[in-house]
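In: Pasting the sequence and the predicted coordinates here, then a few questions.
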Amino acid sequence: MISLRLYCILLFSIALVAGEIKNKVWWKNIVFYQVYPRSFMDNDGDGVGDLKGITDKLEHFIDAGIGGIWLSPIYSSPMVDFGYDISNFLTIDPTFGTMDDLDKLLQKTKRLGIKVVMDFVPNHTSDQHEWFIKSVNGEEKYKDYYVWLEGRENNTKPPNNWISLFSGPAWKYNEKRNLWYLHQFEYRQPDLNFNNPDVHKEMNDILRFWLDKGIDGFRIDAIIHVYEKDGFPDEPVVYNKLTLTTDNYLNLNHIYTKNDPRNYDLITEWRKTVDEWTDAHNEEEKVLMTEAYTNLTNLMKYYTYGADISFNFNLITEVNITSKPSEFKHVIDEWILNMPDGKVANWVMGNHDRSRIATRYPGRVDQMTILSMILPGVAVTYYGEEIAMEDNLSITWKQTKDPQACHVDPEHFKELTRDPNRTPFQWDDSIDAGFSTALETWLPIPDNYKELNLANQKGKPESHYVLYQTLTKLRSTSIALQNGTLKTTVLNNDRVLIIDRQSNNEAIVLLINFSDDVAEVVDLTDHLPGATEAIVILANIGSGITWRSMVLVSSIELPPKVSLVLFAKVDGSHSDS
Ligand code: NOJ
C-alpha cells in the first residue's frame with residue numbers, strides 16, 4: 001500500500017507539473033513587429049495582402065531579428081474600418097484567405113520560433129455581426145448586447161451630445177428598434193454593452209477559441225473606450241481652435257466615454273481566462289498588450305491590472321522633431337520610474353494609426369529606431385519601419401479609403417487620413433514594389449519604391465535595414481541591453497542625449513546629437529570607468545562615421561544630427577536590473 005507521505009509527495013509533484021506556466025516572460029527583450037495584413041504581401045494578386053503572403057515572407061522576420069509578430073485583424077469583416085469592424089470573431093475574412101491558411105502560417109511560425117499575437121477588438125462589432133442583426137430584430141438574448149437608448153425630444157434627437165471618434169454624433173437611430181445605438185467609432189461599428197454578462201462570456205469564449213488555435217497572445221484594441229458612464233450624461237464642450245468642424249471629436253471633453261474604471265477590471269478578467277487556459281494546457285505564458293491612448297497613471301494601471309505590455313506611445317505622442325534631449329529624457333525616465341515592479345518596459349515607434357517615423361522625423365529616422373532598440377525591454381516596430389518607409393503623401397481625396405478621413409471633406413481629409421502610412425510594403429523595385437502582381441494595389445505605392453525597398457538595402461555595407469539588423473543582433477547578444485542598468489543623461493546645454501546601459505563589465509552607450517548644424521564633442525569618462533577607448537558599433541546612415549572604428553572616450557566627436565552606438569569594457573560593479 002502506498003504510504004500517506006508518498007501519496008502527498010506524488011500529489012504535490014503532479015500539481016507542480018500541471019500548474020506550471022512555461023517560458024515565463026518570453027517577451028522580455030523581444031522585438032515585436034506589427035503586420036498590417038492588407039499591406040504586407042499579396043499572394044493571390046488581387047492588390048490586397050493576405051495570409052499566404054505573410055507565410056511566404058516569414059523568413060524576413062528571422063532575417064530582421066524579430067521575435068514576434070502581431071497581426072491586425074484578419075477576421076470576417078465588411079472592411080468599413082479595414083478589419084476593425086468584425087462580423088465574425090471566429091472566422092477569417094476571404095480577403096485574407098482561410099482558416100487553413102492561418103493554420104499553415106502558425107505551423108511555420110512555430111517551426112521558425114516566431115511568436116504570433118492576434119488583435120482582439122472588444123469595444124464594438126460590425127453592424128453585420130449576427131449579434132447586432134439579432135439585436136436589431138429584438139431577439140430576447142441579444143436585445144441588450146449593444147448600447148440602445150431612447151433619444152431626446154420624443155426620440156427625434158440623439159440621447160446625448162456624445163461625438164464619435166470618426167466625427168458626427170456617436171448615436172445612430174434604428175427604425176426597427178425605434179431606438180438609438182451607440183457607436184464610438186464609425187456608425188457601422190456598434191458598441192457592445194459590457195453591462196451584459198453574456199457579452200463577457202462571448203468575449204472569454206473568443207479568447208479561448210484563439211488560444212486553442214495556438215496563438216501566443218492578444219493585442220487588446222481601444223480598451224479605454226469600452227465602458228461608458230452610467231446614466232449617459234452630456235460631455236462638457238471644449239472650445240478647440242484646432243477643431244475642424246463642430247461635430248469633431250475634439251469638441252468634447254471625454255470624461256464619460258473614456259477611461260471608465262471598469263475597463264481595468266476587464267483586463268484582470270481576460271488575464272484570468274488566458275492564465276487558466278495556459279495552466280490547464282501546461283503551455284507557455286501568453287502575452288497581453290493593451291492599446292490605450294491615455295495618461296501615464298492610467299497606462300500604469302493597465303500593467304497593474306494584468307497587461308504584460310501596456311503600449312507606450314509616448315515616443316509618438318509626447319515628443320516630436322522639435323523636442324529637446326531633456327524632453328526625451330523625461331519621457332523615458334517617467335515610464336521607467338512609474339512602471340510597477342517586475343513589469344517590462346516597451347517603446348512603440350509607429351502603428352497603422354500614426355504617421356511613419358521617417359515622415360515624423362525627417363532626416364532622423366535612424367535616431368528613433370536606434371533609441372527604441374537601445375532602451376530596456378520590448379521594442380515595437382510597425383511594418384516597413386525596418387527599411388524606413390515614408391508616408392505616401394500623394395494620396396488624393398478620390399483615392400482615400402480610411403473612414404476617419406472619408407467622414408470629413410476634401411479640404412480637411414489630409415489632417416485625419418491614415419492611408420499614407422498603410423501603403424504596401426516595398427519589397428523590391430519590380431511592379432507593385434514586389435508586393436503584388438495586380439494592376440492596382442488597394443492603396444497606391446509611392447514612387448520612391450524604386451530606390452526605397454528591402455532588396456536595395458539588403459547586404460549593403462550600410463543601410464536602414466542593415467542598421468536594423470545590427471541592432472536586433474546586438475539586442476540578442478548584449479548582456480548590457482538584456483539585463484543592464486539604464487542611465488539617461490543630457491549633456492552639452494541640452495543638445496546631446498546619452499542612453500547608457502551597463503552590466504558588469506560591459507557598456508553600450510547611445511549618443512544623439514540633437515543639433516541640426518552644430519557639431520558636439522562629448523566626454524564620457526565619468527560614464528565609462530576604466531575605459532579610454534570605445535568601439536563604434538553603428539552610426540546613423542549618412543553620418544560619415546565608420547562602423548567598428550575606435551573613439552577616445554574623453555572626446556567623442558558628434559557631427560550634427562548624428563547618433564552613435566558605442567561598446568566599451570568598463571570596471572564594472574553595475575548590478576543587473
Ligand atoms: C483602434 C485601431 O487601432 C484603429 O485602427 C481603429 O480604427 C479603432 N481602434 C476602431 O476599432
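Out: Thanks, I have it.

In: For the ligand, what is the nearest residue in this protein?
Out: Y84 (3.3 Å; CB to the nearest ligand atom). From N, CA and C alone the C-beta is placed, and that goes for glycine too.

In: Mind checking if stretch 51-70 is in reach of the ligand?
Out: No: remark: stretch 51-70 sits outside contact range of the ligand, by CB under 6 Å from any ligand atom, the gap being at least 11.3 Å.

In: May I see the buried residues of that stretch?
Out: Residues of stretch 51-70 classed as buried: 51-58, 60-61, 64-70 (neighbour count, 16 or more other CB atoms under 10 Å).

In: Likewise for stretch 260-275?
Out: D260, N263, Y264, L266, I267, E269, W270, R271, T273, V274.

In: Model confidence at the nearest residue to the last one once chain neighbours are set aside, what's the number?
Out: Which is V274. Spatial nearest neighbour of V274, excluding adjacent residues (CB to CB, 6 or more residues apart in numbering): K286 at 4.8 Å. Per-residue pLDDT puts K286 at 98.

In: what about K286, neighbour count?
Out: By other CB atoms under 10 Å, 23 other residues sit near K286.

In: Verify the contact between it and D216 for me.
Out: Yes: counting by CB atoms under 8 Å, D216 is a contact partner of K286 at 6.1 Å.

In: Show me what from the protein comes close to the ligand.
Out: Counting by CB under 6 Å from any ligand atom, the chain sits next to the ligand at D81, Y84, V121, F185, D221, A222, H352, D353.

In: Scan these and report the most crowded one.
Out: V121 (27 neighbours).

In: picking that back up, which members of the buried residues of stretch 260-275 are positioned in helices?
Out: N263, Y264, L266, I267, E269, W270, R271, T273, V274 (DSSP state H).

In: Is it possible to get JSON lines of those residues that adds distance to V380 and pLDDT?
Out: Formatted as JSON lines, those follow (distance: CB to CB, whole Å; pLDDT from 0 to 100):
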{"residue": "N263", "distance to V380": "21", "pLDDT": "98"}
{"residue": "Y264", "distance to V380": "22", "pLDDT": "98"}
{"residue": "L266", "distance to V380": "22", "pLDDT": "98"}
{"residue": "I267", "distance to V380": "19", "pLDDT": "98"}
{"residue": "E269", "distance to V380": "25", "pLDDT": "98"}
{"residue": "W270", "distance to V380": "20", "pLDDT": "98"}
{"residue": "R271", "distance to V380": "20", "pLDDT": "98"}
{"residue": "T273", "distance to V380": "24", "pLDDT": "98"}
{"residue": "V274", "distance to V380": "20", "pLDDT": "98"}
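
In: need the contact list for D63.
Out: D63 makes contacts with Q469, as judged by CB atoms under 8 Å, 6 or more residues apart in numbering.

In: chain center to stretch 167-177: distance?
Out: On the basis of CA atoms, centre = their mean, to the nearest Å, stretch 167-177 sits 31 Å off its chain's mean C-alpha point.

In: Could you list every helix and strand in contact with the helix or strand hosting K473?
Out: Using DSSP states H and E, K473 falls within helix 464-477. Applying 3 or more CB pairs under 8 Å, 6 or more residues apart in numbering; DSSP states H and E, one finds that helix 464-477 makes contact with helix 58-64, helix 365-374, helix 454-457, helix 479-483, strand 533-539.

In: Buried ones in the third one, by neighbour count?
Out: It refers to helix 454-457. Buried, per 16+ other CB under 10 Å, within helix 454-457: L454, N456, Q457.

In: what about the last one, distance to P159?
Out: In this view, Q457 and P159 are 53 Å apart by CB to CB, to the nearest Å.

In: How about the second one?
Out: Counting by CB to CB, the separation of N456 from P159 is 55 Å.

In: what about the stretch 201-350 of the chain, any weak spots by pLDDT?
Out: 239-246 (pLDDT under 70).

In: where along it do the helices fall?
Out: 262-281, 296-304, 314-317, 325-338 (DSSP state H, counting those that start in this stretch).

In: mind checking which of the ones you listed is nearest H464?
Out: Minimum separation from H464 across these (CB to CB) falls at helix 314-317, 17.8 Å.

In: just checking, what packs against the one helix or strand T55 maps to?
Out: Using DSSP H and E, T55 sits in helix 51-56. Under the contact criterion of 3+ CB pairs under 8 Å, 6+ apart, helix 51-56 touches helix 99-112.

In: Which positions in the helix or strand just after the helix it packs on come out as buried?
Out: Counting by DSSP H and E, the next helix or strand C-terminal to helix 99-112 is strand 115-120. Within strand 115-120, the residues scored as buried using 16+ other CB under 10 Å are K115, V116, V117, M118, D119, F120.

In: Walk me through which strands strand 115-120 pairs with, and which way each runs.
Out: Strand 115-120 sits in its sheet next to strand 68-71 (parallel), strand 217-220 (parallel), going by DSSP bridges.

In: what's the strand ranked longest in the chain packed up against?
Out: When the chain is parsed with DSSP state E, its longest strand is strand 496-513. With contacts defined as 3+ CB pairs under 8 Å, 6+ apart, strand 496-513 has these neighbours: helix 325-338, helix 365-374, helix 479-483, strand 485-491, strand 520-522, strand 533-539, strand 556-558, strand 563-574.

In: distance between that strand and the chain's centre?
Out: 26 Å.

In: pLDDT on that strand, on average?
Out: 97.

In: just for the protein, where's the confidence low?
Out: 1-20, 239-246, 573-577.

In: Where does the record place the domain boundaries for it?
Out: Listed by automatic domain parsing, the domain ranges of the chain are 12-121+203-222+262-392+461-465, 484-569.

In: and L416, which of the ones you listed is closest to it?
Out: Using CB to CB, these put domain 12-121+203-222+262-392+461-465 closest to L416, at 10.6 Å.

In: ok, T525 - contacts?
Out: V553, S554.

In: how about the strands in the stretch 1-150 of the chain?
Out: Taking DSSP state E, counting those that start in this stretch, the strands of the stretch 1-150 of the chain run over residues 31-35, 68-71, 75-76, 88-92, 115-120, 148-149.

In: Go through those strands and name the closest to S372.
Out: strand 31-35 (8.9 Å).

In: That closest one vs helix 464-477, what angle?
Out: On the basis of axes from the mean of the first three to the mean of the last three CA atoms, to 10 degrees, strand 31-35 is oriented at 140 degrees to helix 464-477.
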